[in-house]
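Asks: A predicted structure for the sequence below; I have some questions about it.
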Amino acid sequence: MMEPSTDLHIHTTYSDGEIAPEEVLSRLQYIGASACAITDHDTIEGCKVALELQAKYGIEVIPGVELSAHEDGVEYHILGYEFDIDNCNLLEFMEVCRINRLTRAKEIVKKLAERDVILDFDEIVELAGKSPITRPHIAHSMLNHEYVDSIKEAFTLYIGTGCSAYVPKVNFPVSQAIKLIRQAHGISSLAHPGKTISLPVIEKIIGYGLDAIEIIHPSHNPKMVNHYRKVAQKFDLIPTGGSDFHGNRGYDANFLGQFMIPYDSVKQIKKKCEKYEKVLASVKEIA
Ligand SMILES: [Zn+2]
Ligand SMILES: [Zn+2]
């Protein structure tokens with residue numbers, strides 16, 4: 001059997017990753033990877049950059065994204081693969097996500113000011129760079145101005161779930177995320193199910209039209225990998241996987257190249273996309 005050579009879960013500077021898409025591809029080339037997907041949170045800007053560079057680094061890049069969605073008040077992550085990157089509905093959804101994040105960040109900064117933590121919003125925008133503004137950027141600014149001693153403390157004292165300056169995210173249903181990816185002719189995969197998700201919830205999500213499930217992930221031990229492989233077989237889901245790489249940060253270290261899956265998963269993703277496109281074409285013909 002061929003060595004696993006594909007990483008289908010990677011973040012870059014276009015979301016909360018620390019490494020730019022070109023550097024990621026350069027590292028993957030060094031490792032000897034054959035294919036990858038850049039799956040930034042709610043944006044495909046980094047993925048587009050990587051798609052342009054695939055020939056230069058000799059690595060196949062398949063379109064990817066990681067969408068945040070909710071089911072019964074719990075957040076789940078849905079990975080999208082091999083979709084049409086120009087699909088209007090998907091682009092519109094990502095723009096709404098971007099605006100929501102900006103509004104949320106402004107509300108958090110306002111709440112912090114009411115608690116005598118005065119931050120400069122322009123500085124936070126600068127810290128975020130190409131990425132949408134997220135809570136770690138706000139925490140970073142708090143740390144810079146010595147309101148807290150660590151990023152963790154910013155979360156536990158102020159901006160973590162339920163804390164005094166916490167503002168909840170705008171919720172999108174899981175079914176909507178899956179539908180959006182399907183309408184853009186793509187494949188949806190349930191990200192890191194081992195983190196929190198019980199089997200009945202997985203079955204519910206499968207009912208929304210889920211195509212794949214992430215079996216290889218840094219948070220999955222060998223027992224979990226086996227378990228989710230069986231789930232994939234039972235429900236006819238494509239097994240996907242990757243490093244969920246964010247950069248060289250302490251808590252998730254450098255996992256690039258350590259959580260690869262066989263290229264066969266990419267083949268299965270493409271085959272299923274073709275099937276969907278054929279069905280869609282025949283529906284158009286009948287109409
Ligand atoms: Zn995730
Ligand atoms: Zn991720």
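Replies: On my side now, so go ahead. Residues are numbered from 1 along each chain as shown. Ligands and ions are numbered 1, 2, ... in the order given.

Asks: could you use CA atoms for every contact and neighbour count after this?
Replies: Noted.

Asks: tell me the secondary structure for residue 213?
Replies: Reducing the assignment at residue 213 to three states with DSSP: H, G, I helix; E, B strand; the rest coil gives strand.

Asks: give the contact list for it.
Replies: Shown in contact with residue 213 (Cα atoms under 8 Å, 6 or more residues apart in numbering): 189, 190, 191, 193, 228, 232, 237, 238, 239, 240.

Asks: again, only using 7 Å
Replies: Residue 213 makes contacts with 189, 190, 191, 232, 237, 238, 239, 240, as judged by Cα atoms under 7 Å, 6 or more residues apart in numbering.

Asks: before we move on, what about residue 132?
Replies: 15, 98, 101 are the contacts of residue 132 under Cα under 7 Å, 6+ apart.

Asks: do the same with residue 181
Replies: 80, 83, 187, 188.

Asks: if we go to 10 Å?
Replies: By Cα atoms under 10 Å, 6 or more residues apart in numbering, residue 181 lies in contact with 65, 67, 78-84, 87, 89-90, 187-189, 210.

Asks: quick one: pLDDT of the residue lying closest to residue 155 once chain neighbours are set aside?
Replies: Leaving aside its sequence neighbours, residue 155 sits nearest to residue 139 (Cα to Cα, 6 or more residues apart in numbering; 7.2 Å). For residue 139, the model assigns a pLDDT of 95.

Asks: so residue 139 is in which element?
Replies: Under the criterion of DSSP states H and E, residue 139 resides in helix 135-144.

Asks: could you dump that helix to PDB, C-alpha only?
Replies: In PDB, the C-alpha atoms belonging to helix 135-144 read as follows (Å, rounded to 0.1, in the frame of the first residue of the first chain):
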ATOM      1  CA  ARG A 135     -11.200  36.400  19.800                       C
ATOM      2  CA  PRO A 136      -7.400  35.400  19.900                       C
ATOM      3  CA  HIS A 137      -6.600  38.700  18.100                       C
ATOM      4  CA  ILE A 138      -8.500  40.700  20.800                       C
ATOM      5  CA  ALA A 139      -6.800  38.600  23.500                       C
ATOM      6  CA  HIS A 140      -3.400  39.400  21.900                       C
ATOM      7  CA  SER A 141      -4.200  43.100  22.100                       C
ATOM      8  CA  MET A 142      -5.100  42.800  25.800                       C
ATOM      9  CA  LEU A 143      -1.800  41.000  26.400                       C
ATOM     10  CA  ASN A 144       0.100  43.700  24.500                       C
END
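
Asks: quick revisit: around the residue nearest to residue 155, how many other residues sit close by?
Replies: Residues lying near residue 139 (other Cα atoms under 10 Å) number 21.

Asks: before we move on, back to that, the helix or strand just after the helix holding residue 139 - contacts with which helices or strands?
Replies: Next along the chain after helix 135-144, taking DSSP H and E as the criterion, comes helix 151-154. In terms of contacts (3 or more Cα pairs under 10 Å, 6 or more residues apart in numbering; DSSP states H and E), helix 151-154 is packed against helix 135-144.

Asks: from residue 157, how far off is residue 163?
Replies: In this view, residue 163 and residue 157 are 7 Å apart by Cα to Cα, to the nearest Å.

Asks: residue 247 too?
Replies: Separation of residue 247 from residue 157 (Cα to Cα): 26 Å.

Asks: the spatially closest residue to residue 170 that is not a sequence neighbour: how many residues sit nearby?
Replies: Once flanking residues are discounted, residue 170 sits nearest to residue 100: 6.8 Å by Cα to Cα, 6+ apart. Residues near residue 100, counting by other Cα under 10 Å, number 17.
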